[in-house]
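[1] Predicted model, plus sequence, below.
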2 protein chains.
Amino acid sequence: MVALSRSGTSQAERRPATSARQRIQLGTLNERVGYFVRRLQVWIFQDFIRTLKTAQIRPAQYSVLVLIGANPGLSQAELADALGIERARLVRLLDGLDGRGFTQRLRSTKDRRSHALFLTPAGRKMLDRLEVLVARHEQHVGERLGSARRTALIRLLRDFG
Amino acid sequence: MVALSRSGTSQAERRPATSARQRIQLGTLNERVGYFVRRLQVWIFQDFIRTLKTAQIRPAQYSVLVLIGANPGLSQAELADALGIERARLVRLLDGLDGRGFTQRLRSTKDRRSHALFLTPAGRKMLDRLEVLVARHEQHVGERLGSARRTALIRLLRDFG
DNA sequence: TATTGTTATACTCTATAACTATA
DNA sequence: TATAGTTATAGAGTATAACAATA
């Protein structure tokens, strides 16, 4: 690090090389919602993954557990549709969660093509534990964005789904 | 679509099977900023890719072209840092853009390790064309979110970077 | 015929580590 | 030694297409 206390130095001189980005112009990117939404999403996911490192659960896995917990017996097609992911992708996600004993696929009695999804007792317990960690993550987001802005943001986006 | 004008039908009856997702509970996902930000980001990128299909340019490629255009001569390390992507990833991105004749890597005279990045005339022309398509995309976002909400969102997130 | 879950493939993106050439 | 660009690899995520079982 470079000492900041010296006087009479130009901006360029008193700034370490790694902060040079502050001088870079965003140009028309400044008008692109997608750019800012993407930057925020990447930051949020990185913090989520870091904060839930001990549980070894990623955002997509968490959302699957929450939705099964809140809608026991729903099918894979319904779940994939609700989360906006491909049926094909959900298969692998559930393979992993099943393998760790958190979820269960039971063949539906009404339609023998489909599976009814449930949390196991271990899955429920895991989800309870996750919610504590996720609350901590959500607090990081609040610290980063400012609590008021976080609330404004979630209110703004909730209608979107 | 199912006619909505009939009376005396229950909610469940007048809803087609593919909209069953409307009945699914989001549970605690309702309080997670990351969930909504991710859903919006995916939607925005999908529309971006669709709208710029004819130009065969994806969001990351667009952001690279804009930043080089606004900061001619910057280095790969600076660019990667400004966009929050890995140096390693930028190499491949630039390989593609160089190969299509849009960008140029010149060895820096000051520090012979680094490259000074520039748009070629073809790259500048391409970028001008892209901005027209991106403006169209941005309008789609406005239609989807509501124009006022889009403005509020971009203002809210701009400070974040 | 259409849908559900599944398998398979290709590509994008993230995250790391290691190498080379320069500094 | 440290940094810039590069190569390589592994894993997550997206997008498709095709298949068997069932409707």
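    Great, that's in hand. Keep in mind that this is a model prediction, so the values were computed, not measured. Numbers count the residues shown, from 1 in each chain, chains lettered A, B, ... in the order given.

[2] From now on I want contacts and neighbour counts done on CA atoms only, so please keep to that.
    Noted.

[3] from what I can see A:Ser114 touches A:Arg87, true?
    No: assessed by CA atoms under 8 Å, A:Ser114 is found out of contact with A:Arg87, at 12.0 Å.

[4] Show me the common contact partners of the two, please.
    Shared contacts of A:Ser114 and A:Arg87, defined by CA atoms under 8 Å, 6 or more residues apart in numbering or on different chains, comprise A:Gln76.

[5] which ones are touching A:Asp98?
    Counting by CA under 8 Å, 6+ apart, A:Asp98 has contacts A:Gln104, A:Arg105.

[6] How about the residues of chain A by DNA strand C?
    Applying CA under 7 Å from any atom of the strand, we find that chain A lies next to DNA strand C at A:42, A:46, A:75-78, A:87-89, A:91, A:113-116.

[7] will you turn these into TSV that also has secondary structure?
    Shown next, in TSV, are these (DSSP: H, G, I helix; E, B strand; the rest coil):
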residue	secondary structure
A:Val42	helix
A:Gln46	helix
A:Ser75	coil
A:Gln76	helix
A:Ala77	helix
A:Glu78	helix
A:Arg87	helix
A:Ala88	helix
A:Arg89	helix
A:Val91	helix
A:Arg113	coil
A:Ser114	coil
A:His115	strand
A:Ala116	strand
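
[8] check the residues you listed against DNA strand D, which are close?
    Checking the residues of chain A next to DNA strand C against DNA strand D (CA under 7 Å from any atom of the strand), the matches are A:Ala88, A:Arg89, A:Arg113.

[9] check contacts around the nearest residue to the last one once chain neighbours are set aside.
    Think A:Arg113. Distances taken as CA to CA, 6 or more residues apart in numbering or on different chains place A:Arg107 nearest to A:Arg113, at 7.5 Å, with adjacent residues excluded. Going by CA under 8 Å, 6+ apart, A:Arg107 touches A:Arg113, A:Ser114, A:His115, A:Ala116.

[10] ok, now how distant is the residue nearest to the third one when sequence neighbours are not counted from B:Val134?
    Leaving aside its sequence neighbours, A:His115 sits nearest to A:Arg107 (CA to CA, 6+ apart; 4.6 Å). Taking CA to CA, to the nearest Å as the measure, A:Arg107 and B:Val134 are separated by 46 Å.

[11] hmm, back to that, please indicate which of the contacts of A:Arg107 are buried?
    Buried members of the contacts of A:Arg107, scored by 16 or more other CA atoms under 10 Å in any protein chain shown, are A:Ser114, A:His115, A:Ala116.

[12] quick one: the strands in chain A?
    Along chain A, the segments classed as strands by DSSP state E run A:103-107, A:115-119.

[13] Of those, flag the one that's most buried.
    Each of those was scored by mean neighbour count; the highest is strand A:115-119, a mean of 22, by mean count of other CA atoms under 10 Å in any protein chain shown.

[14] give me every residue that touches the nearest residue to A:Phe48 once chain neighbours are set aside.
    Distances taken as CA to CA, 6+ apart place A:His137 nearest to A:Phe48, at 5.8 Å, with adjacent residues excluded. Neighbouring residues of A:His137 by CA under 8 Å, 6+ apart: A:Asp47, A:Phe48, A:Thr51.

[15] got the residues you listed as CSV, with pLDDT, distance to B:Asp159 and neighbour count columns?
    Listed next are the contacts of A:His137 as CSV, based on pLDDT from 0 to 100; distance: CA to CA, whole Å; neighbours: other CA atoms under 10 Å in any protein chain shown:
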residue, pLDDT, distance to B:Asp159, neighbour count
A:Asp47, 97, 19, 17
A:Phe48, 98, 21, 22
A:Thr51, 97, 24, 20
